[in-house]
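**Student:** Starting from these lines, generate the structure:
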Amino acid sequence: MDRLRAYEIFMTVVSRGSFNKAADLLDTSPANVTRYVNDLETYLGCRLLNRSSRKLSLTESGEALFERCKSILADVAETEALVSSNSVKPRGRLRINAPLSFGILHLAPLWPEFIRRYPEVELDISLIDRVVDIVEEGYDLVIRISRAGSVNHAARKLASSHNVLCASPAYLQQHGLPHTPEDLKEHECITYTYSGDEWSFTDNSGKLHQIKVKGKVHTNNGDTARAMALCGAGIIWQPTFLIGPDLASGALVALLPDYKLPDIDVLAMYPSRRHLSVKVRMMIDFLVEAFAGTAPWDKTTDNKN
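**Tutor:** All right, here's what the predicted structure looks like:
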């Protein structure tokens with residue numbers, strides 16, 4: 001548990017009189033606020049707040065902690081201001097998490113330039129497809145591919161990517177071309193953990209079509225789905241940041257042009273907007289600059305879809 005963060009959250013809950021209001025102010029979720037307060041009470045071995053459906057009140061221990069925390073957090077703020085004024089250059093270890101395929105294809109080529117610009121920063125990069133807990137696992141910054149981002153942490157959008165339904169020419173020559181989402185029920189579909197076996201499309205009129213597909217292969221890795229599609233094993237839908245070059249070269253063919261899959265956002269996520277370190281802020285600005293304008297994976301596919 002980050003005790004300083006827990007004290008800050010406890011103080012905000014008390015001053016705002018509500019877990020929800022504290023969450024709004026701290027730009028995090030009510031569940032995260034509740035967890036921190038519960039963990040703090042467990043750590044201290046006493047109840048700090050009396051909770052009811054209508055209001056919160058401090059216990060005797062809570063009152064003592066509240067008064068002491070005022071001076072503690074004031075001292076911390078003064079110290080941070082002093083350090084920040086003398087630390088214009090980013091330095092130190094920066095822990096970053098990103099999805100495996102995206103990290104290899106689109107982030108790894110950027111790191112040398114970042115190190116060139118900011119030589120006093122050390123990058124500790126972890127590529128994991130599962131959704132990590134930024135606070136619990138100690139990351140400074142997480143790159144996440146998401147339809148809607150997250151309500152638990154602060155986020156900045158870096159780019160968007162289209163999802164495209166596609167298959168190889170060899171597969172289509174053998175099995176035929178689907179003309180509607182319903183036709184997919186008769187095809188071999190390679191399903192992906194984060195999209196499941198119920199695929200949703202929107203037609204040109206805005207009507208939603210949800211189709212339960214089937215296939216012999218299910219995978220939690222987009223590269224595996226792509227490789228199998230390239231070999232003619234079935235139909236996939238994957239983001240253009242992964243399959244953009246395949247669509248551009250004709251190795252994969254986009255299907256159902258009159259039906260759209262949900263787009264996704266590439267987000268830079270961090271625990272809170274408050275007290276954002278120089279190294280994290282510089283990395284976020286660097287990534288925003290790198291992905292400015294049309295995303296590189298869509299530049300070669302815009303005329304294909």
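**Student:** CA only for contacts and neighbour counts going forward, please
**Tutor:** Will do.
**Student:** got any ranges where the stretch 1-150 of the chain has weak pLDDT?
**Tutor:** Residue ranges of the stretch 1-150 of the chain with pLDDT under 70: 53, 77-88, 147-150.
**Student:** What residues sit buried inside stretch 283-291?
**Tutor:** 283, 284, 286, 287, 288, 290, 291 (16 or more other Cα atoms under 10 Å).
**Student:** Kindly present those as JSON lines, with separate columns for secondary structure, pLDDT and distance to residue 181.
**Tutor:** Shown next, in JSON lines, are these (DSSP: H, G, I helix; E, B strand; the rest coil; pLDDT from 0 to 100; distance: Cα to Cα, whole Å):
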{"residue": "283", "secondary structure": "helix", "pLDDT": "94", "distance to residue 181": "41"}
{"residue": "284", "secondary structure": "helix", "pLDDT": "92", "distance to residue 181": "39"}
{"residue": "286", "secondary structure": "helix", "pLDDT": "94", "distance to residue 181": "40"}
{"residue": "287", "secondary structure": "helix", "pLDDT": "94", "distance to residue 181": "36"}
{"residue": "288", "secondary structure": "helix", "pLDDT": "92", "distance to residue 181": "36"}
{"residue": "290", "secondary structure": "helix", "pLDDT": "92", "distance to residue 181": "36"}
{"residue": "291", "secondary structure": "coil", "pLDDT": "89", "distance to residue 181": "32"}
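**Student:** so which of those comes closest to residue 23?
**Tutor:** Distance to residue 23 across the buried residues of stretch 283-291 (Cα to Cα) is lowest for residue 284, with 23.0 Å.
**Student:** surely that closest one meets residue 268?
**Tutor:** Yes - between residue 284 and residue 268 a contact is recorded at 6.8 Å, counting by Cα atoms under 8 Å.
**Student:** Overlap of the contact sets of those two?
**Tutor:** Listed as contacting both residue 284 and residue 268 by Cα atoms under 8 Å, 6 or more residues apart in numbering are residue 156.
**Student:** Looking at the buried residues of stretch 283-291, which is nearest residue 36?
**Tutor:** Scanning the buried residues of stretch 283-291 for proximity to residue 36, where the rule is Cα to Cα, the winner is residue 284, at 26.2 Å.
**Student:** The spatially closest residue to residue 20 that is not a sequence neighbour: neighbour count?
**Tutor:** Of all residues not flanking residue 20 in the chain, residue 30 sits nearest, at 5.2 Å (Cα to Cα, 6 or more residues apart in numbering). Neighbour count for residue 30, taken as other Cα atoms under 10 Å: 19.
**Student:** Quick check: the gap between residue 30 and residue 278.
**Tutor:** From residue 30 over to residue 278 the distance is 27 Å, taken as Cα to Cα, to the nearest Å.
**Student:** same deal with residue 52?
**Tutor:** Residue 52 is 40 Å from residue 278, by Cα to Cα.
**Student:** For the residue nearest to residue 268 when sequence neighbours are not counted, give me its contacts.
**Tutor:** Residue nearest to residue 268 in three dimensions, not counting chain neighbours: residue 143, with 4.7 Å by Cα to Cα, 6+ apart. Residues in contact with residue 143, defined by Cα under 8 Å, 6+ apart, are 96, 97, 98, 99, 266, 267, 268, 269.
**Student:** Whichever of those end up buried, select them in ChimeraX.
**Tutor:** Buried members of these, defined by 16+ other Cα under 10 Å, are picked up in ChimeraX with:
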select :96,97,98,99,266,267,268,269
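**Student:** circling back to that earlier point, wait, a helix at the residue nearest to residue 268?
**Tutor:** No - using DSSP: H, G, I helix; E, B strand; the rest coil, the secondary structure at residue 143 is strand, not a helix.
**Student:** State the distance from it to residue 90.
**Tutor:** 19 Å.
**Student:** what do you get for residue 138?
**Tutor:** Taking Cα to Cα, one finds residue 138 at 19 Å from residue 90.
**Student:** Compare neighbour counts for the two and give me the winner.
**Tutor:** More neighbours surround residue 90 than the other of residue 138 and residue 90, with 20 against 13 (other Cα under 10 Å).
**Student:** Run through the residues that contact the more buried one.
**Tutor:** 118, 120, 121, 278, 279, 282.
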